[in-house]
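Engineer: The following block contains a protein sequence and its predicted model.
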Amino acid sequence: MLVSILIVLSAMALALIAWLYFNNRNNALKKAHRELVGYYQECIVLHRNAFAAREKRLKRYSFIRYNLRESLIDQIKATV
Amino acid sequence: MKRQGLIFLLAVLTILKCCAQQEKLDSLLKVSKTQNGELLVGTLNEISWYYRNIHLDSALAYARTALLESKKTDQKKLYASAYNSIASAYQAKTEYDSAIYYHSKSLSINYLRADSIGLADTHNNLGIIEDERGNFETSLEHYFKALGIYGNNATDPDLIPMVLGNIGIVYKKQGEYAMVLDYYQQALELYKRNKNAFGVTVTTGNIGSAMLRLKRFEDAIGYSLDAAEGYKKLGYNRYVPYMLNNVAVAEDSLGQHGKAEKIYLEAIEMFTIDNNDYELTNTRIGFAKNQLGFKRYDFAIAQLALALEVARQKDFKEFEVNALQLLSEAYYQKGNTDLAYSTGKALIAKKDSLFQMAKTKAIFELEAKYRAEKKEKELSEQQLQLAQNRLEINKKNNLIYGLLSLALLLGLIGYLFYGQQRLKNRQLLKENELKTALVHIETQNRLQDQRLRISRDLHDNIGSQLTFIISSIDTLKYGLTNGEDKIGNKLNEIGMFTKTTINELRDTIWAMNKENITFEDLQYRLNIFMATVNRASEHLKLDFTVDSDIDPTYSFTAEEGVNLYRIIQEAVNNALKYAFVDREGLDHTMEVCIHKTMDFFHVEVTDNGVGFELSEVTLGNGLSNMQKRAKDLKSELRLTSMLGQGTSVVFNVPVRE
């Protein structure tokens, strides 16, 4: 009887240890994943912001440069 | 009258003692119903002890109940006490093997618990059993073990002399009276030191009996008288005539027949009052022998006749033989030879029958002993088998529990592992998605950066260089004199070519800088181009129409946008170069229109120029490029021209879903 109780208690103890171990690992995995996801998302946001800013400046730059160039060429022709 | 009164008193005392015992038993039985645990076990043991004098089966039953109750408490000392009770009950039933078995169990427990007194008590009990079985050597072993333990540990000082007395009894049965005397003397000393009056009296009486055997009659008389006195003081008068009998035998042996006679008579009277037929018969025979010494043959024969009658009635075979022997002798001494002879014959017959009976009894006893041993052996084997079966079952149960626990544990670990893997998979999936998105956006960024760099380089370096060339050409043109028209024209051509190159470069840069070109962007570029063309060609009227319901935010890829633009550009340039109007008063018109159906963007460039025969003309690089670009747009370019009818370039660009 005592041996049976000991066996059952030992099994329960081992089960608890296993659960705690896996729980710990899962929490560590989740934490690492959260950090990695956060990093990726931050990078994506940075890149997107850089892209959008570049696109915006590019449009403005293209517009200005193109129109300036156009008017400059005409002016040169006119003056000469 | 006096005798009757005494008999009545004795009967009343006996009944009172029995009543007192019964009262004690009843009170114990009553109390046991309200008790449990250690107290209940103690009470049940005591009840078993009392039933030993009344009903042996009940004694055994209560002892077994005590064992069951002790197992509920799980106290080993209670097991030992219960086993002792069971052993005592079996001993009282003369089932010595069972008694020894249970005493052994008690011994094991006491040994494990290091209960010295318990061990010594059990050894003492085992000594008594072995003594009764006739195993004197084993009996003595147990007694000496008990003595050794009591000597070191006993708190009750009377335990040692008790064991010494038991050792003395064993030696007495073996006829070793010198050893008997030695041990009895030691016991007497200790009882005197402990002031145990009862112990002193009993041991004194035993020494007196031993002295008698050793034929130390005077010492026997002294000790026996002391013992008789002791019993009187203690109130145990029924034991006084035993001592008187010993004194009478000793006196008779010393030739003091007169003294012996008086003491015999006193003893006979006391045994008669006591109704102790056994001792009375023995004493009468002794008295008869004494009377023969006085040659009072008739009185002796009368006593012997009385003794014989009682012996026959009560089946005291040994006394019957003794009485017959003495009777025969008495008749012989009296001179009555016939009666002496017949009595002698009866004696021989009785001796033979006694011997036969003794032999049969011994055989029956042996057989009973054998059967008892056999039964005990079977019982032990059955118990062993039961114990083995129980052990087997326990082992199997433990194995089952172990396997079940292992299976559950493995199942749990498997489930946890599966859960962890699923979590990892989900995380990996998400990370991969983000990684892909990051890679995509990084690539876009790098691409955009590259495009920007290239377009900047093109625009800043090459554009500025081309502009420098134009300026230089213009400057050169002003340096020419009037006669150098050819050079001037060439320079103009170079200037125009360079300007065209700059425009082309700008268009390329425009397309490169965009990943997607909206319809609005395209329309804007085309408007600029059309405006340039209109400014460059004074005689051409260029019309550019676009469906108003086309979604301006519709996106083409950069490649599509560029291809579309280049086809229209080339078509217009070709019209500018090769199409002219050969009729007076007719304006050279060109129309570029884009309109949208459900599935296509329909693009048409038409002019009202001279036209040409398709079959007679070899298509140049420009037209080939247009067809190639149309193919890239998943479209087919249709060039229609007839002489005098003008030219039309039509293609359909599929609308993306």
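Structural biologist: Received the coordinates, thanks.

Engineer: Low-confidence ranges, the stretch 301-450 of chain B, go.
Structural biologist: For the stretch 301-450 of chain B, no stretch has pLDDT under 70.

Engineer: Could you show which parts of it are in contact with chain A?
Structural biologist: Residues of the stretch 301-450 of chain B lying close to chain A by CB under 8 Å from any CB of the partner chain are B:394, B:397-398, B:401-402, B:405-406, B:408-409, B:412-413, B:416-417, B:419-420, B:423-424, B:427, B:430-431, B:434-435, B:437-438, B:441-442, B:444-445, B:448-449. No exception for glycine: its C-beta is placed from N, CA and C like everyone else's.

Engineer: For chain A, what is the nearest residue in the stretch 201-350 of chain B?
Structural biologist: The nearest approach of the stretch 201-350 of chain B to chain A comes at residue B:202, 50.3 Å away (CB to the nearest CB).

Engineer: Now residue B:276: phi and psi?
Structural biologist: phi -90, psi 90 (degrees, to the nearest 10).

Engineer: got the contact list for it?
Structural biologist: B:238, B:241 (CB atoms under 8 Å, 6 or more residues apart in numbering or on different chains).

Engineer: how about the helices of chain A, start to end?
Structural biologist: When assigned using DSSP state H, the helices of chain A occupy the ranges A:2-79.

Engineer: element containing residue B:99, please.
Structural biologist: Using DSSP states H and E, the element containing residue B:99 is helix B:96-112.

Engineer: Would you mark the buried spots in that helix?
Structural biologist: Within helix B:96-112, the residues scored as buried using 16 or more other CB atoms under 10 Å in any protein chain shown are B:96-103, B:105-107, B:109-110.

Engineer: closest to residue B:600 among the residues you listed?
Structural biologist: Closest to residue B:600 out of these is residue B:109 (107.6 Å), distances taken as CB to CB.

Engineer: is it true that that closest one touches residue B:78?
Structural biologist: No. Using CB atoms under 8 Å, residue B:109 and residue B:78 do not qualify as a contacting pair, with a distance of 9.4 Å.

Engineer: Please give me every residue in contact with the residue of the stretch 1-150 of chain B found nearest chain A.
Structural biologist: Closest to chain A within the stretch 1-150 of chain B is residue B:74: 11.6 Å, counting by CB to the nearest CB. Applying CB under 8 Å, 6+ apart to residue B:74 gives no contacts.

Engineer: Any stretches of chain B with poor pLDDT?
Structural biologist: Checking chain B against pLDDT under 70 turns up B:1-21, B:53, B:154, B:456, B:459, B:481-483, B:512-513, B:538, B:579-586, B:617-619.

Engineer: ditto for chain A
Structural biologist: In chain A (pLDDT under 70), the answer is A:58-80.

Engineer: and residue 26, how many residues sit next to it?
Structural biologist: The chain I'm using is chain A. Using other CB atoms under 10 Å in any protein chain shown, residue A:26 has 15 other residues around it.

Engineer: try again with chain B
Structural biologist: By other CB under 10 Å, neighbour count at residue B:26 equals 10.

Engineer: Phi first, then psi, for the nearest residue to residue B:151 once chain neighbours are set aside.
Structural biologist: Leaving aside its chain neighbours, residue B:151 sits nearest to residue B:160 (6.5 Å; criterion: CB to CB, 6 or more residues apart in numbering or on different chains). Per-residue torsions, residue B:160: phi -70, psi -50 (degrees, to the nearest 10).

Engineer: you'd agree residue B:160 is up against residue B:148?
Structural biologist: No. If you go by CB under 8 Å, residue B:160 and residue B:148 don't touch, sitting 10.3 Å apart.

Engineer: Check whether residue B:593 sits in a helix, strand or coil.
Structural biologist: When classified by DSSP: H, G, I helix; E, B strand; the rest coil, residue B:593 comes out as strand.

Engineer: again, but for the one 5 residues further on
Structural biologist: In three-state terms, and counting by three-state DSSP, residue B:598 is coil.

Engineer: residue contacts, it?
Structural biologist: Applying CB under 8 Å, 6+ apart, the residues contacting residue B:598 are residue B:655.

Engineer: now swap in residue B:158 and tell me
Structural biologist: Per CB under 8 Å, 6+ apart, neighbours of residue B:158: B:190-191, B:194, B:196, B:199.

Engineer: residues in contact with residue B:286?
Structural biologist: B:245, B:248-249, B:252, B:264.

Engineer: Going by neighbour count, which of these comes out on top?
Structural biologist: That'd be residue B:248 among the contacts of residue B:286, by other CB under 10 Å, with 29 neighbours.

Engineer: gap between it and residue B:257?
Structural biologist: Applying CB to CB, to the nearest Å, the value for residue B:248 to residue B:257 is 10 Å.

Engineer: Report the closest residue of chain A relative to chain B.
Structural biologist: Ranked by CB to the nearest CB, the top residue of chain A for proximity to chain B is residue A:11, at 3.2 Å.

Engineer: didn't that residue look like it was pressed against residue B:410?
Structural biologist: No. In this structure, residue A:11 is not within contact of residue B:410 by CB under 8 Å, at 10.4 Å.

Engineer: higher neighbour count, those two?
Structural biologist: residue A:11 (19 against 11).

Engineer: Contacts only, for that one.
Structural biologist: Applying CB under 8 Å, 6+ apart, the residues near residue A:11 are B:405-406, B:408-409.

Engineer: ok, now residue B:606?
Structural biologist: Applying CB under 8 Å, 6+ apart, the residues contacting residue B:606 are B:590-591, B:646-649.

Engineer: Can you give me the neighbour number for residue B:272?
Structural biologist: By other CB under 10 Å, neighbour count at residue B:272 equals 17.

Engineer: Which strand or helix spans it?
Structural biologist: helix B:257-274.

Engineer: Quick one: list the elements packing against that helix.
Structural biologist: If contacts are counted by 3 or more CB pairs under 8 Å, 6 or more residues apart in numbering or on different chains; DSSP states H and E, helix B:257-274 sits against helix B:2-32, helix B:240-253, helix B:277-293.

Engineer: which other helices and strands contact the shortest one?
Structural biologist: To tie it back to what came earlier, the one meant is helix B:240-253. helix B:197-213, helix B:217-234, helix B:257-274, helix B:277-293.

Engineer: Redo these as TSV? Include distance to residue B:122.
Structural biologist: As requested, the helices and strands packed on helix B:240-253 are exported to TSV (distance: least, CB to CB, whole Å):
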stretch	distance to residue B:122
helix B:197-213	22
helix B:217-234	30
helix B:257-274	35
helix B:277-293	33
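
Engineer: For residue B:564, find the nearest of those helices.
Structural biologist: That would be helix B:197-213 among the helices and strands packed on helix B:240-253, by CB to CB, at 136.9 Å.
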